[in-house]
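Undergrad: kindly return the folded structure for what I paste below:
(one chain, ligands or ions: 1)
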Amino acid sequence: MDIRIRGVSKYYYSEGKTIKALDDVNLTIPANQIFTLLGPSGCGKTTLLRCIVGLEMPDTGEISIGDDVVWSKDRNISVPPEKRGLGMVFQTYAIWPHMTVFDNVAYPLQVRGAAKDRIRESVAKTLRFVQLEGFEGRPATKLSGGQQQRVALARALVAEPRVILFDEPLSNLDAKLREETRKELRAFLGKLQITAVYVTHDRVEALALSDSIAVMRSGQIIEIGTPKKIYFDADHRFVADFIGRANLVKARVRGVEGGYTMVDCGLGVIACQQRDVAVGSEATLCIRPEFIRIVGGEAPAAKNLVNGRIESLVFVGEAYEAEIRVGDEQLLAKIDPDAKLDEGDAVSFTLDPAHCLLVAV
Ligand code: ATP
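TA: Residues are numbered from 1 along each chain as shown. So this is what the prediction gives:
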């Protein structure tokens, strides 16, 4: 089931000030995808999710889920949350500690007055799905954090919602468990064929989980794309910078040569992925630390060969993180942990043009 959001704005009023939490958001969330809303704290992710759920009323616009308009300011439509056919998993597990696993998961069906047999069957099926078979009688508090999160997922799924929404569901788990639960969740959702909307400010989580990511800032959607598109090929500097560590270098466009867009910058003349940008215009060259390749021995003549000096070198296990000085620019590079290098060494490195990305200033 797809979700269409048209012209949605939401204002809050606090201490005499108006806060524009959502600023004319237009967005289509495709059916059966894991779609993530990603952005810094306060950018409006939760507000947008709450508008889809029906826990907030937008000030303008329209929201449809499948063929049903669930909110329209102009047409005066407001479908209450429980009638929108949604399941929701929150940041806090929000499962009831005094209840057993069975009762927690059965709850949404019980409040709808479902028959006892149907409840037993649906709960059993859902617990099997989230791999908690045999835990029915266990008090919810006697479960690990990851298991509690699976109970919350089971409770959101038991009534077979059209769409499932997640608000930072993993942020209370420790780093290792978060990684495991993320993998599980991806596998569960992959099997379900359901539209999932996922809110997070954790870029790695967004990259690892999503089919598509919408990056938000100040109540607006800045860019939408697959994780690879957003990471390797963002259009906006803010997005390139937010989604991963990036060296951002001021550049001026020289023109196109041999299928590359050539720029002048503090690193010299650099060949970049071709972009449709005007000659003479300013742009930002974005280079991820992992695409700076140190060249050993006699440096061969290569495209984008740059000379610099290592200012600092920190061993972080899987790599060295090196700060390399080139004139007025300082670049962060991730280099081979076996490299025989020291702080102060002169180095040559290459930048693969395919990974030299030009983004709007
Ligand atoms: P976080 O990642 O910190 O949860 P977010 O991107 O989910 O942030 P929202 O919670 O949607 O952001 O908030 C968007 C903006 O609206 C923020 O400036 C926030 O302070 C403001 N806001 C949210 N809820 C209210 C409220 N009930 N009253 C007043 N302002 C609010």
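Undergrad: residues of the stretch 1-150 of the chain that sit close to the ligand?
TA: Those residues of the stretch 1-150 of the chain that sit near the ligand, judged by Cβ under 6 Å from any ligand atom, are Tyr12, Ser14, Ile19, Ala21, Gly39, Ser41, Gly42, Cys43, Gly44, Lys45, Thr46, Thr47. C-beta: built from backbone N, CA, C; applies to glycine.
Undergrad: just give me the least confident of the residues you listed.
TA: Lowest in pLDDT among these is Ser14, which has 89.
Undergrad: show me what contacts it?
TA: Residues counted as contacts of Ser14 (Cβ atoms under 8 Å, 6 or more residues apart in numbering): none.
Undergrad: pairing partners for it in the sheet, please.
TA: Beta-bridge pairing for Ser14 (DSSP bridges): Lys17.
Undergrad: next up, phi/psi of the nearest residue to Arg217 once chain neighbours are set aside, please.
TA: With Cβ to Cβ, 6 or more residues apart in numbering as the criterion, Arg217 has its nearest non-adjacent residue at 5.3 Å, and that residue is Cys43. Per-residue torsions, Cys43: phi -80, psi -10 (degrees, to the nearest 10).
Undergrad: re earlier: with secondary structure added, can I get the residues of the stretch 1-150 of the chain next to the ligand in TSV?
TA: Formatted as TSV, those follow (DSSP: H, G, I helix; E, B strand; the rest coil):
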residue	secondary structure
Tyr12	strand
Ser14	strand
Ile19	strand
Ala21	strand
Gly39	coil
Ser41	coil
Gly42	coil
Cys43	coil
Gly44	coil
Lys45	helix
Thr46	helix
Thr47	helix
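Undergrad: tell me how many other residues crowd Ile213.
TA: Using other Cβ atoms under 10 Å, Ile213 has 28 other residues around it.
Undergrad: what's the helix or strand where it lies packed up against?
TA: In this structure, Ile213 sits in strand 212-217 according to DSSP states H and E. Here strand 212-217 touches strand 34-38, strand 220-225, helix 227-232, helix 237-243, going by 3 or more Cβ pairs under 8 Å, 6 or more residues apart in numbering; DSSP states H and E.
Undergrad: what comes up buried for whatever helix or strand Ala283 lives in?
TA: Per DSSP H and E: Ala283 is located in strand 282-287. Using 16 or more other Cβ atoms under 10 Å as the test for burial, strand 282-287 gives Ala283, Thr284, Leu285, Cys286, Ile287.
Undergrad: and what of stretch 51-69?
TA: Cys51, Ile52, Val53, Gly54, Glu56, Pro58, Gly61, Glu62, Ile63, Ser64, Ile65, Val69.
Undergrad: which phi and psi does Asp276 have?
TA: Per degrees, to the nearest 10, the backbone of Asp276 is at phi -90, psi 80.
Undergrad: got any ranges where the protein has weak pLDDT?
TA: 92-94, 297-301 (pLDDT under 70).
Undergrad: where do the domain boundaries of it fall?
TA: Annotated domains of the chain cover 3-239, 245-359 [automatic domain parsing].
Undergrad: endpoints of the last one, how far apart?
TA: With Cα to Cα, to the nearest Å as the measure, domain 245-359 spans 15 Å from end to end.
Undergrad: still on that earlier bit, most neighbours among the residues of the stretch 1-150 of the chain next to the ligand, please name it.
TA: Greatest neighbour count in these, by other Cβ under 10 Å, goes to Gly39: 28 neighbours.
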